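1. A structural model of the following input is requested.
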Amino acid sequence: MQTQPFETRDLSPWWRRSVALVFFIGMGILIFISVQAYRHAPPIPAAVVGPGGEPVFTKADIEAGQQVFLKYALMQNGSIWGHGSYLGPDFSARYLHELSNDAGSALASEAFGRDLAILDDGQRASINAQVALLLKENRYDAASNTLVFTEAEKVSFQRQMGFWSEYFAHPTNNGGLPSKYISDPQELHQLTAFFAWAAWASVANRPDKPYSYTNNFPYDPTVGNLLTSDAILWSALSVVMLLGGLALVLFTFGRFNYLGWKGGPPEISPIMRPGQATAGQKAVVKYFVIVALLFLAQVMIGGALAHYRADPGDFYGIDLAQYLPSNVLRTWHLQLALFWIATGYVAGGLLLASSLGQNEPRGQATGIHLLFWALVVLVVGSLLGEILGIHQLFGSLWMWFGHQGWEFLELGRFWQVILVVGLSFWMWLLYRAIAPALQDPEKKEIGWLFLAAAASIPVFYLPAFFFGSTTNFAVVDTWRFWIIHLWVEGFFELFVTVLVAVTFYQLGVVRRINVIRVIYLDAILFLSGGIIGTAHHWYWTGQTNFTMALAAMFSALEVVPLTLLTLDAWDFVKLTGTKGTAPAPRKVIPHKWAFYFLMSVGFWNFVGAGVFGFLINMPVVSYFEAGTVLTLNHGHAALLGAFGMLAMALLVLCLRHVLSDDQWVAPEKWVKVSFWGMNVGLALMVITNLFPVGVLQIWDVLSNGYWHARGLEFMAQDRIRMLEWASLPSHGVLIVLGVIPMVIAAGLTYLKIRQPQRA
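-> Numbering: from 1, shown residues only. Here you go, the predicted structure:
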């Protein structure tokens with residue numbers, strides 16, 4: 001009878017059971033919360049009428065207004081309930097404050113015979129209290145599906161159609177939209193109806209509750225929107241959850257000394273040897289050339305967007321808004337970020353799959369070439385479709401081939417189908433490459449873990465198809481964050497862990513048992529907080545306090561694995577040149593710069609996702625912060641710093657793998673410059689602009705209300721404009737010393753591997 005290898009027996013089956021338990025319990029709770037979103041979403045009334053029963057607008061107007069909002073890509077200009085872009089206002093908050101002014105003016109004239117602006121403090125406090133009582137009362141009748149507006153609400157709606165028409169007329173006042181961007185009276189009526197509904201849901205109390213459908217978001221004392229006691233309670237308890245989670249995990253790490261990235265004995269032979277690439281691995285190089293070029297395009301567009309914030313009316317003498325309006329540039333900035341990072345992971349998966357399987361199947365390189373050109377069609381087609389869609393050139397098919405309008409899910413539905421088909425074909429290529437490893441007892445479990453993590457990427461993108469352009473905004477935001485958080489920060493994060501683990505295993509620096517254990521450990525840690533923690537995006541989007549309670553508690557646990565990355569960083573340092581037992585020689589790792597990028601992943605994941613993420617995740621902070629520059633601060637440090645740096649690590653791993661030692665000399669010089677340029681540039685961006693502007697904006701929210709901090713009133717301040725101009729050097733460092741050298745390194749590598757073919 002053949003005995004099992006010691007390493008297989010050494011791994012307890014409870015590792016696998018724990019991952020399954022965490023996954024199924026977490027998904028069960030998240031699905032329950034998501035289903036409840038349909039039940040508790042703010043109702044869309046069939047008719048909105050005035051105090052005498054006269055029609056004001058209808059459900060059809062609200063839904064058509066949401067379509068206007070989407071097809072003109074206004075979520076790439078401003079936001080609804082804090083979700084969207086930051087160049088324009090939060091439309092729901094601004095409409096609500098304009099409504100409070102209109103109602104206050106009517107009450108002030110009636111009570112004191114004076115204008116609202118000249119009331120003394122006592123009189124103003126009295127009017128504010130009356131406005132809050134007026135607007136907080138929920139006049140929606142579920143039986144007749146009718147919402148009754150007061151006279152003040154009706155008059156404000158009619159006035160605000162002109163207000164929003166004026167907003168869309170001038171680029172200097174709207175964050176860089178074209179002149180007279182929306183001028184059709186019917187579209188303006190519908191759009192204003194959508195804003196009015198979103199504002200009503202923000203202020204009107206839920207039936208039998210002392211807070212609105214959005215849990216009193218946005219903060220505006222003039223209408224009685226204040227932080228709820230539930231938000232304070234669950235924020236405090238989330239800190240308890242965090243401390244308990246940290247204590248438990250650190251105790252476990254102290255109890256078992258085999259957790260983490262432990263180096264293997266010196267006799268482990270690397271499977272990936274520089275200069276010994278297969279045809280399929282060489283075919284992957286052009287993917288990384290595209291990664292570098294897309295990264296360059298993205299940061300160049302980011303620089304133009306920064307200029308819109310610093311000087312929205314002029315781009316070095318060019319009226320840029322007429323040619324490339326800000327909502328087009330922000331769309332491309334987000335989409336290019338997702339494209340180059342995802343392409344890096346797709347290519348990294350193909351690179352490592354061929355190495356893990358070793359016996360590359362016939363036709364693999366052809367399949368990789370075919371997937372590459374499908375990717376080119378997807379990127380070029382969707383980006384062109386988005387700008388054509390914004391210019392309304394697709395007619396009624398705008399959602400399919402143009403710009404869907406949802407932030408982070410801008411590409412048209414047709415291009416989304418192409419994306420899912422492409423990812424499925426990628427999965428097939430991975431399986432073909434890894435199939436030999438699945439027959440090897442030594443590699444079988446690693447191979448299946450690799451495939452399972454990869455399969456989660458196309459599978460968990462499917463919620464992007466669960467809604468349409470007229471679906472209730474609260475329901476859409478539920479499914480949208482299944483993609484933005486669960487897909488990207490959950491299962492992409494898990495795939496990242498597997499890629500790193502397989503990389504270490506293929507380079508011969510860690511033992512198989514440690515690779516499998518770390519994958520299971522990270523899966524448990526990331527998924528235990530990350531799945532249910534997805535709901536922290538739903539605090540203020542029409543869900544209940546039950547959602548807030550679960551989200552706050554489990555979102556706090558997301559910090560735990562990110563804190564442990566500090567231990568990973570030290571392990572990475574040791575793995576770059578671990579010493580074996582005497583007299584064994586020092587182990588030299590040729591992929592030094594790939595390891596350095598992995599170390600920067602750990603640093604930025606801890607700082608960007610851990611520190612800056614936890615800073616804004618608690619309800620008591622998120623209530624004042626959602627949709628401010630502190631969100632941008634977290635997003636840049638986490639997306640570029642963690643996910644982006646990992647894509648760069650995979651890029652460098654590939655470049656080094658396909659080149660011999662002599663060929664690597666020239667590209668390595670550029671990679672070295674790029675490493676420091678990217679990290680220094682990102683650090684300067686955070687220090688000189690994103691973090692200080694975010695803190696000042698929070699202060700403005702507390703001082704003047706959310707509507708003010710999200711408006712031109714805040715962005716036009718001299719000190720804010722000064723900080724926006726101060727960010728330009730960081731962009732220069734990132735572009736010139738960070739991205740361009742990596743483009744050169746990728747280009748040189750591609751040319752070098754093509755030379756033998758020419759000969």
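2. so where do the strands sit in the chain?
-> For the chain, the strands identified by DSSP state E occupy 47-49, 55-58, 79-80, 83-84, 140-141, 146-148, 403-406, 409-411, in order along the chain.
3. Check the gap between residue 352 and residue 701 for me.
-> Separation of residue 352 from residue 701 (CB to CB, to the nearest Å): 45 Å. From N, CA and C alone the C-beta is placed, and that goes for glycine too.
4. next one: residue 118
-> The span separating residue 118 from residue 701 equals 26 Å under the rule CB to CB.
5. Could you list the low-pLDDT ranges of the stretch 501-650 of the chain?
-> When the per-residue scores of the stretch 501-650 of the chain are filtered using pLDDT under 70, the ranges that remain are 562-589.
6. how about the helices of it, start to end?
-> Assigned helices in the stretch 501-650 of the chain, in chain order: 512-533, 545-557, 559-563, 565-575, 592-604, 612-617, 619-625, 629-635, 645-658 (criterion: DSSP state H, counting those that start in this stretch).
7. More neighbours: residue 352 and residue 701, which one.
-> Set residue 352 next to residue 701 and count neighbours by other CB atoms under 10 Å: residue 352 wins out with 30 against 24.
8. Tell me where the stretch 51-200 of the chain has helices.
-> Taking DSSP H, counting those that start in this stretch to define them, one finds helices in the stretch 51-200 of the chain at 59-71, 91-112, 121-136, 151-167, 171-174, 185-203.
9. Pick out the shakiest of those helices, pLDDT-wise.
-> Looking at the helices of the stretch 51-200 of the chain, the lowest mean pLDDT belongs to helix 171-174 (a mean of 79).
10. Tell me the helices and strands packed up against that one.
-> Contacts of helix 171-174 with other secondary structure elements, assessed using 3 or more CB pairs under 8 Å, 6 or more residues apart in numbering; DSSP states H and E, are made with helix 151-167.
11. Give me the buried positions along the helix it packs on.
-> For helix 151-167, the neighbour count (16 or more other CB atoms under 10 Å) marks 152-157, 160-161, 164-165, 167 as buried.
12. ok, now stretch 273-288?
-> Counting neighbours by 16+ other CB under 10 Å, one finds that the buried residues in stretch 273-288 are 274, 277-278, 280-288.
13. ok, now which ones touch the residue nearest to residue 327 when sequence neighbours are not counted?
-> By the measure of CB to CB, 6 or more residues apart in numbering, the closest residue to residue 327 outside its immediate chain neighbours is residue 76, 3.8 Å from it. Residues in contact with residue 76 (CB atoms under 8 Å, 6 or more residues apart in numbering) are 84-85, 326-328, 330-331, 334, 407, 410.
14. Distance check, residue 76 against residue 483.
-> Taking CB to CB as the criterion, residue 76 is separated from residue 483 by 16 Å.
15. what do you get for residue 643?
-> When CB to CB is applied, the distance between residue 643 and residue 483 equals 14 Å.
16. what does residue 694 give?
-> In this structure, residue 694 and residue 483 are 25 Å apart, going by CB to CB.
17. Looking at those two, which is more packed in?
-> Neighbours of residue 694 and residue 483, each counted by other CB under 10 Å, are more numerous for residue 694; the result is 22 against 18.
18. Tally up the residues packed near the residue nearest to residue 334 when sequence neighbours are not counted, please.
-> Distances taken as CB to CB, 6+ apart place residue 408 nearest to residue 334, at 6.0 Å, with adjacent residues excluded. The criterion is other CB under 10 Å. On that basis, residue 408 has 19 neighbouring residues.
19. Show me the helices in the stretch 201-350 of the chain, by range?
-> Per DSSP H, counting those that start in this stretch, the stretch 201-350 of the chain carries helices over the ranges 229-255, 279-310, 326-357.
20. So which of the ones you listed has the densest surroundings on average?
-> helix 326-357 (a mean of 25; mean count of other CB atoms under 10 Å).
21. who's in contact with stretch 410-422?
-> Contact with stretch 410-422 is made by 73, 76, 331, 334-335, 371, 374-375, 377-378, 381-382, 385-386, 389, 398-404, 409, 458, 461-462, 464-465, as judged by CB under 8 Å, 6+ apart.
22. And the residue nearest to residue 463 when sequence neighbours are not counted, what's its pLDDT?
-> By the measure of CB to CB, 6+ apart, the closest residue to residue 463 outside its immediate chain neighbours is residue 482, 4.1 Å from it. In the prediction, the pLDDT value recorded for residue 482 is 93.
23. Any figure for the gap between residue 482 and residue 214?
-> To residue 214, residue 482 is 20 Å away according to CB to CB.
24. For those two, indicate the residue with more neighbours.
-> Regarding residue 482 and residue 214, a neighbour count based on other CB under 10 Å identifies residue 214 as having more, with 26 against 22.
25. re the thing from before, residue 538 is nearest to which of the strands of the chain?
-> Between residue 538 and these, the shortest separation by CB to CB is 9.9 Å, and it involves strand 83-84.
26. who does the closest one pair up with?
-> According to DSSP bridges, strand 83-84 forms sheet pairs with strand 79-80 (antiparallel).
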